[in-house]
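Trainee: All I have is the shape, not the residue letters:
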């Protein structure tokens, strides 16, 4: 069965520090990979996506993610975190072979300390 | 940028009552979805809808749930007889190419069943 794992429930980083949020997936097909961000009381905003091609993808707000097929990972990174980045981050995976649905990870709550 | 809009933002209902959650997807999108997020849990797929019919549904989407596209702009989720465990945030999403393109989510409707 398809699954997405975000091993860190909470992460706290200092403003200006670098950030890496982990995402691992288990899929029997070539996946499409997404990162979404959710601020409290808000919807899910797409940060970036990977479908094919260059395995390092750039997103909005200075985020990037790298698809590593050998590790079944799609970790999200940002070189310098801003206080406004505090939110919950969700990794999601889809595949044409599994229809139209996305499978979401449990999310990682990012706290930024000043 | 076009948005997915959901109304109401918060709905409180009594157990056993029917509720209809409304969504206006992005106008040129063809694939529509409902997801839900119980407080503190993962975002879960409920149903996908394409070409005026359900294309896929999860085991959560039982006979108490139905979806409809009553006109060219709205996409609704009906829960026939709400249960306490239906309390959750319900997200509508749309995409232009199904699993081959990212989902655009609305801000959600928080349903509270008392």
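Mentor: Noted; the coordinates are in hand. None of the values given here were measured: they were computed from a predicted structure. Residues are numbered from 1 along each chain as shown, chains lettered A, B, ... in the order given.

Trainee: Going by C-alpha atoms from here, please, whenever you check contacts or count neighbours.
Mentor: Will do.

Trainee: Can you classify the residue in chain B that chain A sits nearest to by secondary structure?
Mentor: Nearest to chain A, among the residues of chain B, is residue B:107, at 3.6 Å (C-alpha to the nearest C-alpha). The assignment at residue B:107 comes out as coil when based on DSSP: H, G, I helix; E, B strand; the rest coil.

Trainee: And what about the residue lying closest to it once chain neighbours are set aside, helix, strand or coil?
Mentor: For residue B:107, ignoring the flanking residues on the chain, the nearest one in space by C-alpha to C-alpha, 6 or more residues apart in numbering or on different chains is residue A:43 at 3.6 Å. Three-state assignment for residue A:43 (three-state DSSP): coil.

Trainee: count of neighbours near residue A:43?
Mentor: Neighbours of residue A:43 under the rule other C-alpha atoms under 10 Å in any protein chain shown: 24.

Trainee: Then residue B:97?
Mentor: As a burial measure, the neighbour count of residue B:97 was computed by other C-alpha under 10 Å and equals 13.

Trainee: same deal with residue B:19?
Mentor: Using other C-alpha under 10 Å, the number of residues around residue B:19 comes to 19.

Trainee: repeat for residue A:114
Mentor: 9.

Trainee: residues contacting residue A:14?
Mentor: A:81, A:112, A:113, A:114 (C-alpha atoms under 8 Å, 6 or more residues apart in numbering or on different chains).

Trainee: Keep only those that also lie close to chain B.
Mentor: With C-alpha under 8 Å from any C-alpha of the partner chain as the criterion, the contacts of residue A:14 include none near chain B.

Trainee: how about stretch B:81-97 against chain A, any contact?
Mentor: Yes: under the criterion of C-alpha under 8 Å from any C-alpha, stretch B:81-97 makes contact with chain A via residue B:91.

Trainee: end-to-end on that stretch?
Mentor: Here the two ends of stretch B:81-97 are set 33 Å apart, with distance taken as C-alpha to C-alpha, to the nearest Å.

Trainee: got a list of contacts for it?
Mentor: Counting contacts by C-alpha under 8 Å, 6+ apart, the residues touching stretch B:81-97 from outside are A:43, B:4, B:6, B:13-19, B:23, B:25-26, B:28-39, B:64, B:101-114.

Trainee: Chain A contacts on chain B?
Mentor: Where chain B comes near chain A, counting by C-alpha under 8 Å from any C-alpha, the residues are B:41-45, B:47-48, B:55-56, B:91, B:98-100, B:102-108.

Trainee: repeat that with 7 Å
Mentor: For chain B, the residues in contact with chain A (C-alpha under 7 Å from any C-alpha of the partner chain) are B:41, B:42, B:43, B:45, B:48, B:98, B:99, B:100, B:105, B:106, B:107, B:108.

Trainee: Chain A: strands as residue ranges?
Mentor: Counting by DSSP state E, the segments of chain A that form strands are A:3-5, A:10-14, A:19-21, A:24-26, A:32-38, A:45-50, A:56-58, A:64-68, A:73-78, A:87-94, A:103-104, A:108-113.

Trainee: should've said chain B
Mentor: Under the criterion DSSP E, chain B carries strands at the ranges B:5-7, B:10-13, B:19-24, B:31-37, B:43-50, B:53-57, B:65-68, B:75-79, B:88-95, B:104-105, B:109-113.

Trainee: Could you dump the ones you listed into JSON lines and include mean pLDDT?
Mentor: Shown next, in JSON lines, are the strands of chain B (pLDDT from 0 to 100):
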{"stretch": "strand B:5-7", "mean pLDDT": "95"}
{"stretch": "strand B:10-13", "mean pLDDT": "96"}
{"stretch": "strand B:19-24", "mean pLDDT": "97"}
{"stretch": "strand B:31-37", "mean pLDDT": "95"}
{"stretch": "strand B:43-50", "mean pLDDT": "94"}
{"stretch": "strand B:53-57", "mean pLDDT": "92"}
{"stretch": "strand B:65-68", "mean pLDDT": "96"}
{"stretch": "strand B:75-79", "mean pLDDT": "97"}
{"stretch": "strand B:88-95", "mean pLDDT": "94"}
{"stretch": "strand B:104-105", "mean pLDDT": "90"}
{"stretch": "strand B:109-113", "mean pLDDT": "96"}
